[in-house]
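*Asks:* build me a model:
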Amino acid sequence: MADLTISVVAEKFHVKPDTLRYYERIGLLPPVPRRTNGNRYYPPSIQEWLEMVLCFRASGMAIEPLIEYCSLLQQGDETAPAREKILREQLAVLLTQREQLDKSIHRLEGKVARYERGEVKVGADWLHFAEKKDGRK
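*Replies:* Here you go, the predicted model:
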């Protein structure tokens with residue numbers, strides 16, 4: 001991996017250059033080196049760091065714990081327990097979301113199956129739900 005300019009990194013990771021500058025300013029990225037003309041260049045280590053940040057953001061991790069995580073990461077190995085705690089908390093959030101998604105998927109699969117079997121007529125979908133809720137079958 002080579003050193004890349006801000007525009008190339010932005011394109012590669014599907015973010016705006018302003019986002020990269022913002023991430024650096026708030027501490028989600030370590031200080032990005034600059035060339036003599038003042039332009040940022042992103043060495044492979046910072047590109048990998050950005051990939052980690054974007055992965056955590058895609059997982060729904062809020063900015064504040066992510067800033068804390070990145071700060072701790074830069075402080076060294078002695079912060080490993082605190083970093084692990086942040087990751088475990090985010091993992092718990094994701095597992096809860098997955099459980100909720102699994103329930104939604106199961107319900108939708110059941111609905112689709114009823115349509116495929118031709119069991120659903122106009123208004124029957126709601127009636128089936130109401131009967132089930134009332135304990136009738």
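*Asks:* ok, now which ones touch residue 44?
*Replies:* Residues near residue 44 by Cβ atoms under 8 Å, 6 or more residues apart in numbering: 1-3. For the C-beta atoms, the positions are set from N, CA and C on the backbone; glycine is no exception.
*Asks:* show me how far the biggest helix by length in the chain is from its chain's centre.
*Replies:* The longest helix of the chain (DSSP state H) is helix 80-116. Put simply, helix 80-116 sits 13 Å off its chain's centre (Cα atoms, centre = their mean, to the nearest Å).
*Asks:* list the buried ones in it?
*Replies:* 83, 86, 90 (16 or more other Cβ atoms under 10 Å).
*Asks:* same for it, what does it pack against?
*Replies:* Judged by 3 or more Cβ pairs under 8 Å, 6 or more residues apart in numbering; DSSP states H and E, the packing partners of helix 80-116 are helix 63-75, helix 124-134.
*Asks:* do you know how far residue 96 is from residue 118?
*Replies:* The spacing between residue 96 and residue 118, counted by Cβ to Cβ, to the nearest Å, is 36 Å.
*Asks:* pretty sure residue 120 is in a strand, no?
*Replies:* No. Going by DSSP: H, G, I helix; E, B strand; the rest coil, the assignment for residue 120 is coil, not a strand.
*Asks:* need phi/psi at it.
*Replies:* With angles defined as degrees, to the nearest 10, residue 120 sits at phi -100, psi 120.
*Asks:* that one: neighbour count?
*Replies:* By the criterion of other Cβ atoms under 10 Å, residue 120 has 15 neighbours.
*Asks:* and for it, nearest residue in space, chain neighbours not counted?
*Replies:* The shortest distance from residue 120 to any non-neighbouring residue, by Cβ to Cβ, 6 or more residues apart in numbering, is to residue 114 (5.2 Å).
*Asks:* my read is that that neighbour contacts residue 107, right?
*Replies:* No. Here residue 114 lies out of contact with residue 107, judged by Cβ atoms under 8 Å, at a distance of 11.0 Å.
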